[in-house]
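Novice: curious how this folds, go ahead:
(one chain, ligands or ions: 2)
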Amino acid sequence: MMKVLFATSEAHPLAKTGGLADVSGSLPVALQDIGVDVRVLMPGYPSALAKAENLSRVFRIDLPTHGETALLRGTFPGTGVPVYLIDHAGYYGRDGLYQDQSAQDWPDNALRFGLLSQFAAWLAGSKSPLGFKADVLHCNDWQTGLAPAFLNFEKPPRPPSVFTIHNIAYQGIFPAAVVEKLGLPKESFSVDGMEYYGNLSFLKAGLVYADRITTVSPSYAKEIQTEEFGMGFQGLLSARKNVLSGILNGIDTQEWNPATDPHLYAPYSADNIAGKSANKLSLQGELGLQYNAKTPLLGMVSRMTEQKGSDVVIEAVPKLLELGVQLVVLGSGDQKLETTWRKLANANPGRIAVVIGYNEGLAHRIEAGADIFLMPSRFEPCGLNQMYSLRYGTPPVVNNVGGLADTVTHASQENLNQGEATGFVINFLDKYSLIETVSRALILYRHKLAWQKLLKNGMTRDFGWKKSAHQYLELYQDMCEG
Ligand code: ADP
Ligand code: GLC
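Specialist: Ligands and ions are numbered 1, 2, ... in the order given. Alright, predicted model coming up:
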């Protein structure tokens, strides 16, 4: 039986800021289903300590830089997937996974995620105090980037490691001084190692020292080898392209199922779509929008950052309103974007509803209640929201990048005729092309039959994890064979 230690900084439902948590919560279940013994390792944030089940202490240790640390073992609620939580109240016992309330990174993030990385390498390596001997260490994003480095400097035998890039924009960059503090050998701090323009980059450590690199869609795997999307790492990634591959994320089709979703006002499915309009009317009521089944409702749920194109939507708002739509926006992040959205909502009561914050139930109700989902990301490693919206019969308007390009089929006449179309793809993102694409979507929206066909195409696509879980298993097997 293949044994995998899966190290991550967030996993739904224990702790979540974005898609990494969705993946870390559902990929292990899919791997377990195909016979992999996978165990998750993550920080013991207060929410994780509160929600994990069957918690018990495995050991306690006093570490040189980090001090007293304990390892707990438990299971994910609902799925029973084993999880190890690092119990270190000084590091993880606060609200906010990476940042404080005012969106400032915690000043000790290098230590917080240095400890996570160190534990990942230790628990997967030959000196592991666990009875579990991992065949593969699977790391995710910069927060676990030092783990392949720690492993690399251990004496063999040691298991191979794979590093998955969920988002190359987050690079874990810290002053050089932390290298020795974290217990890494001095020689690792070089151009060929984890040094990045005089600083330490956790991301670079993962990219340099992991045996394999994956990212979360085939298109993004190609894009990050280019200057436009590589964010400084295109050279390194091109040089390692033989060990780099893209495996598309799946979605949790139980959690995101409009027929059984407890967050919705009314259930519906591809065969019985009537309930969708009840969700729209109730959403309009919940958010104080004008109550009207005919007015097209555009929805957006995202972190408010450059990446997600929230600013492009803001620029397009006046024209979008002229097209006669309503708009609902849920998200948080960049304070300037938050403020602008709040102002737009105040200036357009009944037509624009903005909810700043993180609200899981509302995210589900927007996916269900909106007619069209907006996701004009500048780059998107995979993106899950567009897949949720497809499954909820809410065709997405997306930019032609990364996982968006790999999961949405444009409603061209040809694709419509062939029954393949699922959404609307913008080729060169700016406010004009966004407005034009939404206008085209609205034309189709008014053709009831064609629109229903489009919804059904998306709702019946298979976005489950099965195929991707098999691809990960093949990768693990390949790694173990050398
Ligand atoms: P990313 O990981 O880049 O943020 P994804 O589309 O992969 O983008 O995943 C985002 C996840 O976070 C989805 O599950 C989405 O529903 C959720 N999400 C994002 N912002 C919010 C919010 N403000 N409230 C609730 N859920 C949110
Ligand atoms: C990142 C990416 C997103 C991806 C998610 C899970 O946050 O921005 O595109 O879906 O990770 O892999």
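Novice: what sits against G96?
Specialist: G96 makes contact with W106 under the criterion C-beta atoms under 8 Å, 6 or more residues apart in numbering. Bear in mind the C-beta positions are built from the backbone N, C-alpha and C, glycine included.
Novice: if you could redo that for P82, that was the one I meant.
Specialist: So P82 contacts 39-40, 73-75 (C-beta under 8 Å, 6+ apart).
Novice: can we see that at 7 Å?
Specialist: When contacts are counted by C-beta atoms under 7 Å, 6 or more residues apart in numbering, P82 touches 39, 73, 75.
Novice: then P160?
Specialist: Shown in contact with P160 (C-beta under 7 Å, 6+ apart): 136, 211, 479-480.
Novice: tell me how far it lies from K453.
Specialist: Plainly put, P160 is 47 Å away from K453 if you go by C-beta to C-beta, to the nearest Å.
Novice: and for V81, the neighbour number?
Specialist: 22 (other C-beta atoms under 10 Å).
Novice: please apply the same query to M231.
Specialist: 15.
Novice: list the contacts of the residue of the chain found nearest ligand 2.
Specialist: Among the residues of the chain, G19 lies closest to ligand 2, at 2.8 Å counting by C-beta to the nearest ligand atom. Contacts for G19 were tallied using C-beta under 7 Å, 6+ apart; they are 166, 382, 384.
Novice: one more pass at 10 Å, please.
Specialist: 10, 12, 166-167, 216, 249, 251, 303, 380-385, 403 (C-beta atoms under 10 Å, 6 or more residues apart in numbering).
Novice: V354 now?
Specialist: Contacts of V354 by C-beta under 10 Å, 6+ apart are 287, 300, 327-331, 338, 340-346, 348.
Novice: go again using 8 Å as the cut-off
Specialist: By C-beta under 8 Å, 6+ apart, the contact set of V354 is 328-330, 341-342, 344-345.
Novice: could you dump stretch 69-79 to CSV, C-alpha only?
Specialist: C-alpha atoms of stretch 69-79 as CSV (Å, rounded to 0.1, in the frame of the first residue of the first chain):
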residue,chain,number,x,y,z
THR,A,69,6.0,21.6,20.5
ALA,A,70,3.6,18.7,20.5
LEU,A,71,2.2,16.5,17.8
LEU,A,72,-1.4,15.5,17.9
ARG,A,73,-3.2,12.8,15.9
GLY,A,74,-6.8,12.9,14.9
THR,A,75,-9.2,12.5,12.0
PHE,A,76,-11.1,14.9,9.7
PRO,A,77,-14.7,15.2,10.6
GLY,A,78,-16.9,13.3,8.1
THR,A,79,-14.2,11.6,6.2
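Novice: buried subset of the contacts of V354, written for ChimeraX?
Specialist: This is the ChimeraX syntax for the buried subset of those, where burial follows 16 or more other C-beta atoms under 10 Å:
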select :328,329,330,341,344,345
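Novice: setting the sequence-adjacent residues aside, check what's closest to V36.
Specialist: Spatial nearest neighbour of V36, excluding adjacent residues (C-beta to C-beta, 6 or more residues apart in numbering): M2 at 4.8 Å.
Novice: try V313
Specialist: L374 (5.9 Å).
Novice: same check, this time on A353
Specialist: L287 (3.7 Å).
Novice: do F113 as well
Specialist: Leaving aside its sequence neighbours, F113 sits nearest to Q143 (C-beta to C-beta, 6+ apart; 4.2 Å).
Novice: what does this structure put close to ligand 2?
Specialist: On the criterion C-beta under 6 Å from any ligand atom, ligand 2 has as its neighbours in the chain the residues 18-20, 23, 166-167, 216, 249, 380-384, 403.
Novice: and if we set it to 8 Å?
Specialist: 18-20, 22-23, 141, 164, 166-167, 169, 216-217, 220, 249, 307, 377, 380-384, 402-403 (C-beta under 8 Å from any ligand atom).
Novice: narrow those residues to those in helices?
Specialist: 19-20, 22-23, 220, 402-403 (DSSP state H).
Novice: which one of those is nearest N199?
Specialist: Closest approach to N199 among these (C-beta to C-beta): L20, at 22.9 Å.
Novice: show me what contacts the closest one?
Specialist: 8-10, 140-141, 166-167.
Novice: can you tell me the element V58 falls in?
Specialist: V58 is part of strand 53-63, with elements assigned from DSSP states H and E.
Novice: what residues sit buried inside that strand?
Specialist: Buried residues in strand 53-63, counted by 16+ other C-beta under 10 Å: L55.
Novice: ok, stretch 215-226 next?
Specialist: Quick answer for stretch 215-226 (16+ other C-beta under 10 Å): 215-225.
Novice: report the buried members of the residues of the chain next to ligand 2.
Specialist: Buried, going by 16+ other C-beta under 10 Å: 18-20, 22-23, 141, 164, 166-167, 216-217, 220, 249, 307, 377, 380-384, 402-403, out of the residues of the chain next to ligand 2.
Novice: returning to that earlier point: out of the contacts of V354, list just those in strands.
Specialist: 328-330 (DSSP state E).
Novice: if we check ligand 1, which of those residues are in contact?
Specialist: Answer for the ones in strands among the contacts of V354 near ligand 1 (C-beta under 8 Å from any ligand atom): L330.
Novice: could I get the ones in strands among the contacts of V354 as JSON lines with pLDDT?
Specialist: Formatted as JSON lines, those follow (pLDDT from 0 to 100):
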{"residue": "V328", "pLDDT": "98"}
{"residue": "V329", "pLDDT": "98"}
{"residue": "L330", "pLDDT": "98"}
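Novice: could you pull out the helices for the stretch 1-150 of the chain?
Specialist: Shown for the stretch 1-150 of the chain, the helices assigned by DSSP state H, counting those that start in this stretch span residues 19-33, 46-51, 89-92, 109-124, 146-152.
Novice: chain center to the first one: distance?
Specialist: Right, helix 19-33. The chain centre lies 11 Å from the centre of helix 19-33; the measure is C-alpha atoms, centre = their mean, to the nearest Å.
Novice: ditto for the third one
Specialist: Shown here is helix 89-92, whose average C-alpha point lies 24 Å from the average C-alpha point of the whole chain (C-alpha atoms, centre = their mean).
Novice: packing partners for that helix?
Specialist: For helix 89-92, the elements it packs on are helix 109-124, judged by 3 or more C-beta pairs under 8 Å, 6 or more residues apart in numbering; DSSP states H and E.
Novice: and T340, how far is that from V354?
Specialist: Relative to V354, and taking C-beta to C-beta, T340 is found at 9 Å.
Novice: so which residue of the protein comes closest to ligand 1?
Specialist: Closest point on the chain to ligand 1, by C-beta to the nearest ligand atom, is G19, at 2.2 Å.
Novice: list just the nearest of the ones in strands among the contacts of V354 to N257.
Specialist: L330 (20.0 Å).
Novice: partner residues bridging the closest one?
Specialist: V301, V355 (DSSP bridges).
Novice: so it sits against E360, correct?
Specialist: No. With contacts counted by C-beta atoms under 8 Å, L330 stays clear of E360, the gap being 10.1 Å.
Novice: count the neighbours of Q471 for me.
Specialist: Counted with other C-beta under 10 Å, Q471 comes out at 15.
Novice: thanks a lot, catch you later.
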